[in-house]
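Asks: Turn this into a structure:
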Amino acid sequence: MGLYAVELVFWMLGIRGHIPQFDHHPLPAASSSVVTRCTAILAACAFGLMVLASAIWLAVWLAITPL
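Replies: Below you'll find the model as predicted:
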């Protein structure tokens, strides 16, 4: 990223030929199925952590509440 920034500044100032020109190819975008699968996994993990936290909270609440 550093060389790209220097090259960009030189290009904006009109100075060329001092830094070799690099071919900056964009990365291919992730397919929609991969994004959907990752989102589903993240949602399942968040739901599981919510259930676990709720169970721990309920156990502590029942332990400290006088009957």
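Asks: Near residue 7, how many other residues are there?
Replies: 18 (other Cβ atoms under 10 Å). Where C-beta positions appear, they are placed from N, C-alpha and C, glycine not excepted.
Asks: try residue 6
Replies: The burial metric for residue 6, expressed as a neighbour count using other Cβ under 10 Å, is 12.
Asks: buried residues in the helix or strand it falls within?
Replies: Here residue 6, judged by DSSP states H and E, is contained in helix 2-13. Within helix 2-13, the residues that qualify as buried are residue 7, counting by 16 or more other Cβ atoms under 10 Å.
Asks: next structured bit after it?
Replies: Secondary structure here is assigned by DSSP H and E; on that basis, the next helix or strand after helix 2-13 toward the C-terminus is helix 32-64.
Asks: if you average pLDDT over that following helix, what comes out?
Replies: What helix 32-64 shows for mean pLDDT is 93.
Asks: ok, now stretch 9-23?
Replies: Rounded mean pLDDT across stretch 9-23 is 65.
Asks: on that earlier part again, run the chain-centre distance for the helix holding residue 6.
Replies: For helix 2-13, the distance from its own C-alpha centre to the chain's C-alpha centre is 27 Å (Cα atoms, centre = their mean, to the nearest Å).
Asks: cool, stretch 39-56 as well?
Replies: Here the centre of mass of C-alpha atoms in stretch 39-56, compared against the chain's by Cα atoms, centre = their mean, lies 19 Å away.
Asks: Dump that stretch to CSV, restricted to CA.
Replies: Once non-C-alpha atoms are left out, stretch 39-56 reads as follows in CSV (Å, rounded to 0.1, in the frame of the first residue of the first chain):
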residue,chain,number,x,y,z
THR,A,39,-23.7,-15.1,7.3
ALA,A,40,-25.7,-18.2,8.3
ILE,A,41,-22.8,-19.6,10.3
LEU,A,42,-22.3,-16.2,12.1
ALA,A,43,-26.0,-16.1,12.9
ALA,A,44,-26.0,-19.6,14.3
CYS,A,45,-23.0,-18.8,16.5
ALA,A,46,-24.6,-15.7,17.7
PHE,A,47,-27.8,-17.5,18.6
GLY,A,48,-25.9,-20.3,20.4
LEU,A,49,-24.0,-17.7,22.4
MET,A,50,-27.2,-16.0,23.3
VAL,A,51,-28.8,-19.2,24.5
LEU,A,52,-25.7,-20.1,26.5
ALA,A,53,-25.6,-16.6,28.1
SER,A,54,-29.3,-16.8,28.9
ALA,A,55,-28.9,-20.2,30.5
ILE,A,56,-26.0,-19.0,32.7
